[in-house]
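S.K.: Pasting the sequence and the predicted coordinates here, then a few questions.
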Amino acid sequence: MSDDEVAERVRIATRVFDEFPHQVAVLDDEGVIRATNRAWETFGIENDVGVEADMVGENYLAVCRAGEDEDSATAAEGISAVIDGRRDEFSFEYPCHEPDQRRWFTMRATPFEFEGETLVLIVHTDITDRHRAETNVSERNETLEMVTGILSHDLRNPLSVATARTELLRERSDGSDNDDLAAIERSLERIRDIIDDALLIARQTEPESLEALDLRACAERAWEQVATGDATLVVEADATVEADETLLAQLLENLFRNAVEHGGGDVTVTVSSREGGFVVADDGPGIPESERDAVFESGYTTNQDGGGTGLGLAIVSRIADLHGWSIRATDGPDGGAAFVVSGVAVEQ
């Protein structure tokens, strides 16, 4: 390799070293900093490290050991272990907070050979975004666990009492048909099914078994469970789909309820089958293209004043996921909204 080629490689390596977004330093076998990159120097300037910002010539082990917190001592011990050959590498996470900003970093120490000399590469990486995301997930999991407990225990207990009292009323009746009592029994059974489905969704487990279901019959039964007013259901589906029956019912009910809430009491809802799936469409106002992904997010609602929770379509999306289906919102054939469910095993 010619001298010019060597010089070019050095220039490239130097440029890459400086452009690397993480804070990087090279230490010798005494812990003295031999080189740092631009990100390291910038961090030193912004955080007033108390020495030259690039810290070249400073003993990094001494700087760490001078720190009064446990993380500084951990860093010094880990780097020393790498220098002494007691560890192949060392890494740990630590907080680095300011009065107006909370941050977390990871530090990694890795040895390498250069021109017969053993050096140690120190890399500090800002992991604040990842740490916050993990914290959010942890907090949501705790909330989900609490909700799961409420569903599985606190809500089941009064439901069991209501069911037992209903059975007593049935036994005490004179044997004649009682439409009100029958409606209560159906509602209690439906609540039990919804609890089971909600627990299934919350725990993100797959349905235990799938059945071949008549889409027309499922749609008509689901329609009966929704307060639809003067709305009209049209089923153009003579097809069998493979699904969990109660979950499919809940998916359809939520789509029907969404259509009535946003399309008005006289909306027409059409269920049709297609290759690899089915479609639930209405002739209401439709969904703006910019909002079609957001409607499936938990808590998203345009009907908050009317009691909307923003959970209906989020549940629809989760049920689709549990079946391995996909769902998207688009324009309906009559100018309203259409929800296209794909990836379904369908027999026409």
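M.R.: Sure, I can see it.

S.K.: beta partners of Ala25?
M.R.: Following DSSP bridges, Ala25 is listed with bridge partners Thr36, Ile122.

S.K.: What separation do you get for Ala198 and Glu208?
M.R.: For Ala198, the distance to Glu208 equals 16 Å [C-beta to C-beta, to the nearest Å]. The C-beta positions use only the backbone N, C-alpha and C, and glycine is treated the same way.

S.K.: How much space separates Asp334 from Val267?
M.R.: 10 Å.

S.K.: nope, Ser326 is what I meant
M.R.: Counting by C-beta to C-beta, the gap from Ser326 to Val267 is 25 Å.

S.K.: neighbour count winner among these two?
M.R.: Val267 (23 against 14; other C-beta atoms under 10 Å).

S.K.: Contact partners for that one?
M.R.: By C-beta atoms under 8 Å, 6 or more residues apart in numbering, the contact set of Val267 is 231-232, 259-260, 282-284, 336.

S.K.: Among those residues, which lie within strands?
M.R.: Among the contacts of Val267, the ones falling in strands (DSSP state E) are 232, 282.

S.K.: Which member of the contacts of Val267 is positioned nearest Ala62?
M.R.: Nearest to Ala62 among these: Ala259, at 69.8 Å, using C-beta to C-beta.

S.K.: Tell me where the model's unsure across the stretch 201-348 of the chain.
M.R.: 201, 203-205, 298-311 (pLDDT under 70).

S.K.: try 50
M.R.: Judged against pLDDT under 50, the low-scoring parts of the stretch 201-348 of the chain cover residues 304-309.

S.K.: ok so, going back, name the residues contacting each of Asp334 and Val267.
M.R.: 282-283.

S.K.: Pick out the residue closest to the middle of the chain.
M.R.: In the chain, the residue lying closest to the centroid (C-alpha atoms, centre = their mean) is Val137, at 7.8 Å.

S.K.: Contacts for the helix or strand where it lies, please.
M.R.: Val137 belongs to helix 128-149 when assigned by DSSP states H and E. Contacts to helix 128-149, defined as C-beta under 8 Å, 6+ apart, come from residues 93, 102-105, 199, 202-203.

S.K.: Same list, these, but as CSV with secondary structure and distance to Ile45 please.
M.R.: Below are the contacts of helix 128-149 laid out as CSV (DSSP: H, G, I helix; E, B strand; the rest coil; distance: C-beta to C-beta, whole Å):
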residue, secondary structure, distance to Ile45
Glu93, strand, 24
Arg102, coil, 21
Arg103, coil, 16
Trp104, strand, 21
Phe105, strand, 17
Leu199, helix, 54
Ala202, helix, 48
Arg203, coil, 50
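
S.K.: Quick check on the residues you listed: which are buried?
M.R.: 104-105 (16 or more other C-beta atoms under 10 Å).

S.K.: I'd like to know which of the contacts of helix 128-149 is nearest to Leu159.
M.R.: Of the contacts of helix 128-149, the one sitting nearest to Leu159 (C-beta to C-beta) turns out to be Leu199, at 13.0 Å.
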